[in-house]
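Enquirer: have a look; sequence and predicted model below, questions after that.
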Amino acid sequence: MSDEAFPFPAGATEAMLDWTGTRIAHGPDPKHGAQSFAALEPVLGHSITAGGIGAEAAFRLFTETIVPSTRPFGHPTSLSFVASAPSRAALSFDAALGAAGIFAGNWDGGAGAIHAENQALRWISDLAGWPEDAGGVFVAGGTLGNLSALHAAREWRARQVERPARWAILASSEAHSSIRAVARVMDVDVIEVPADATGRMTAEAAAGALTSSVFAIVGNAGATNCGAVDDIAGLADLAEEGGLWLHLDGAYGLAALADPAQRPLFAGIERAHSLIVDPHKWLFAPYDSCALIYRDAAAGAAAHGQKAVYLDTVDKTHWNPSDYALHLTRRARGLPLWFSLAVHGTAAYAGAIARTRAIAEEIAAGIAGMAGLDLILGPQLTVILFRPRGMDEASMIQWAEGHRRSGALLCLPTRWRGEMVFRLCIVNPSTDPEEVLGVLATLTGY
Ligand SMILES: Cc1ncc(COP(=O)(O)O)c(C=O)c1O
């Protein structure tokens, strides 16, 4: 980069790297959190000027204003939504990866990076019991992964049958909101199958809802709100009988494939057509990445890939990640997962996933044993739903907000069967069950 166009002072890069090293070593501050627009505007509102404010001032805005005004999802006390727990190896590597400036859309631009990303995809495919011709790509998130998989599913089905007046996806009432969002984008219907009392879609219920317009069944491999895993083997039977595509949304839960003790939950996965799992959720990688894998990669390539005269020179005999999802330019966002796996080994991953599950079990047992708290569900994978007896909704929200602000715990309410409950989702093997139960003890006595 020309220093004439964009002069950058000596030492500025090193100062930023120093901050990066300290941040990775110490992790986020649990007391951080979003600030109001009114608080941010006077500081950031005029930060882009004709003459520039310089590297030091701009980076100070990042460290002193921007970062403190973000939620510290990587902290071990962050147990809401599906948080993130990137390993220090993955975070450190991500900083280096940014500096390398790799274009990883096609083999010509990013051969080495793509080959290494494909090793990480191979690890997941092997855990699923998928054949050599399985493959896919890392996309930005589960939403885009679900969209790309379901587009491939419809193209595949349309090659076999006459197009109905309206296409439909069959999915559980506990399917993630992204499935409905994808259906809106694709202009298809969602046939919602009522989940059972634990949030699981059974094959029997799914069979009862099937219509001839369905092209794909979406199975939950870890429902976000309750952790349920659908009857994957039964859904695979149903898909086979009807010539339908089975897609598994495992954005959160399929990480548990890495733990041999939890693998039986996903029996039947070897017969699914596509899956997603987000390394930024429970696979210890930073934002943003979703592994999208087709059991037969050719079905993904048949649906995706862009054609243009200026792209005619791209060698199609090589593995071009752009051809497997709705995108063209991409960073090698799967590489931090690859690096962390390469550094620590797959056994460390199995251990960390098993440890996280054990933490969830310990917290659930503690809740069940606490007078004044009712354990409603779980742990299913690592999701726990519980309710403080006698506490009204406003007090629950107030309690959650107070502990978020103090940094003690991020534990927010959700709804289960219409009623407000607290939800915990643990993805961090450093979460301390005693510390969490100590905070939850303040919920008793309402
Ligand atoms: C099961 C499931 N599917 C899909 C998504 C969407 O993933 P993303 O937020 O990466 O787009 C999520 C997000 O939490 C999820 O939990």
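Expert: In hand now; what should we look at?
Enquirer: which parts of the stretch 101-250 of the chain sit against the ligand?
Expert: 141-143, 176, 178, 224, 249 (CB under 6 Å from any ligand atom). For glycine as for every other residue, the C-beta is placed from the backbone atoms N, C-alpha and C.
Enquirer: which pair of these spans the longest distance?
Expert: Farthest apart among these by CB to CB are Gly141 and Thr224. That separation is 12.9 Å.
Enquirer: what about the helices in the stretch 301-446 of the chain?
Expert: Remark: helices assigned in the stretch 301-446 of the chain by DSSP state H, counting those that start in this stretch are 335-344, 346-368, 393-406, 433-440.
Enquirer: winner for burial among those helices?
Expert: Among these, helix 335-344 has the highest mean neighbour count (mean count of other CB atoms under 10 Å), at a mean of 23.
Enquirer: for it, what is the distance to the chain centroid?
Expert: 17 Å (CA atoms, centre = their mean, to the nearest Å).
Enquirer: and that helix, what does it pack onto?
Expert: Packed against helix 335-344 by the contact rule (3 or more CB pairs under 8 Å, 6 or more residues apart in numbering; DSSP states H and E) you find helix 88-100, helix 107-128.
Enquirer: what does the helix or strand following the last one contact?
Expert: On the C-terminal side of helix 107-128, the closest following helix or strand by DSSP states H and E is strand 135-139. Strand 135-139 is touched from outside by 117-118, 120-121, 125, 145, 148, 274, 279, 289-294, 297, 300, 319, 321-322, 324-327, 330, 332-334, 337, with contacts defined as CB atoms under 8 Å, 6 or more residues apart in numbering.
Enquirer: follow-up on the earlier one: who's more crowded, Gly141 and Thr224?
Expert: Neighbour comparison, Gly141 and Thr224: the larger count goes to Thr224, with 25 against 18 (by other CB atoms under 10 Å).
Enquirer: could you pull up the residues touching that one?
Expert: Counting by CB under 8 Å, 6+ apart, Thr224 touches 82, 176, 251-252, 383, 425.
Enquirer: among those residues, who's most crowded?
Expert: Result: Ala251 is most packed of the contacts of Thr224 (other CB under 10 Å), 29 neighbours.
Enquirer: is it in a helix, a strand, or coil?
Expert: Secondary structure for Ala251, judged by DSSP: H, G, I helix; E, B strand; the rest coil, is coil.
Enquirer: what's the distance between it and the ligand?
Expert: Noted for Ala251: a distance of 3 Å to the ligand, by CB to the nearest ligand atom, to the nearest Å.
Enquirer: please name the residues that touch the residue nearest in space to the middle of the chain.
Expert: For the chain, the residue nearest the mean C-alpha position is Asp278 (3.5 Å; CA atoms, centre = their mean). Residues in contact with Asp278, defined by CB under 8 Å, 6+ apart, are 82, 141-142, 145, 251-252, 289-291.
Enquirer: at 10 Å what do you get?
Expert: Shown in contact with Asp278 (CB atoms under 10 Å, 6 or more residues apart in numbering): 82, 84, 138-143, 145, 250-252, 254-255, 285, 287-292.
Enquirer: ok, now Glu41?
Expert: Applying CB under 10 Å, 6+ apart, the residues contacting Glu41 are Gln35.
Enquirer: distance of it relative to the ligand?
Expert: Distance from Glu41 to the ligand, by CB to the nearest ligand atom: 27 Å.
Enquirer: begin at 857 from now on, thanks
Expert: Fine by me, first position is 857 from now on; the one you just mentioned is Glu897.
Enquirer: pLDDT averaged over whatever helix or strand that residue lives in - what is it?
Expert: Per DSSP H and E, Glu897 falls inside helix 893-900. For helix 893-900, mean pLDDT rounds to 97.
Enquirer: let's see it as PDB, backbone CA atoms only.
Expert: This file holds the C-alpha atoms of helix 893-900, laid out as PDB (Å, rounded to 0.1, in the frame of the first residue of the first chain):
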ATOM      1  CA  PHE A 893     -27.000   6.400  21.000                       C
ATOM      2  CA  ALA A 894     -26.900   9.600  23.000                       C
ATOM      3  CA  ALA A 895     -23.800   8.500  24.800                       C
ATOM      4  CA  LEU A 896     -22.000   7.300  21.700                       C
ATOM      5  CA  GLU A 897     -22.900  10.000  19.300                       C
ATOM      6  CA  PRO A 898     -20.800  12.800  20.900                       C
ATOM      7  CA  VAL A 899     -17.700  10.600  20.800                       C
ATOM      8  CA  LEU A 900     -18.100   8.700  17.500                       C
END
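Enquirer: what's near enough to touch the closest residue to Gly966 other than its chain neighbours?
Expert: Among residues not flanking Gly966 along the chain, Ala960 sits closest, at 3.6 Å (CB to CB, 6 or more residues apart in numbering). Residues counted as contacts of Ala960 (CB under 10 Å, 6+ apart) are 953, 966-970, 972-973, 993-994, 1176-1178, 1185-1191.
Enquirer: swap in 7 Å and give it another go.
Expert: Contacts for Ala960 (CB atoms under 7 Å, 6 or more residues apart in numbering) come out as 966, 969-970, 1177, 1186-1188.
Enquirer: can you tell me which of the residues you listed is nearest Arg1260?
Expert: For those, the nearest to Arg1260 is Arg1187 (31.5 Å; CB to CB).
Enquirer: what is the neighbour count of the closest one?
Expert: Using other CB under 10 Å: Arg1187 sits among 21 other residues.
Enquirer: how close does the nearest residue to it once chain neighbours are set aside get to Ala972?
Expert: Among residues not flanking Arg1187 along the chain, Ala960 sits closest, at 6.2 Å (CB to CB, 6+ apart). Counting by CB to CB, to the nearest Å, the gap from Ala960 to Ala972 is 10 Å.
Enquirer: can you list the domains in this protein?
Expert: The chain breaks down by automatic domain parsing into domains covering 857-886+890-925, 951-1201, 1203-1299.
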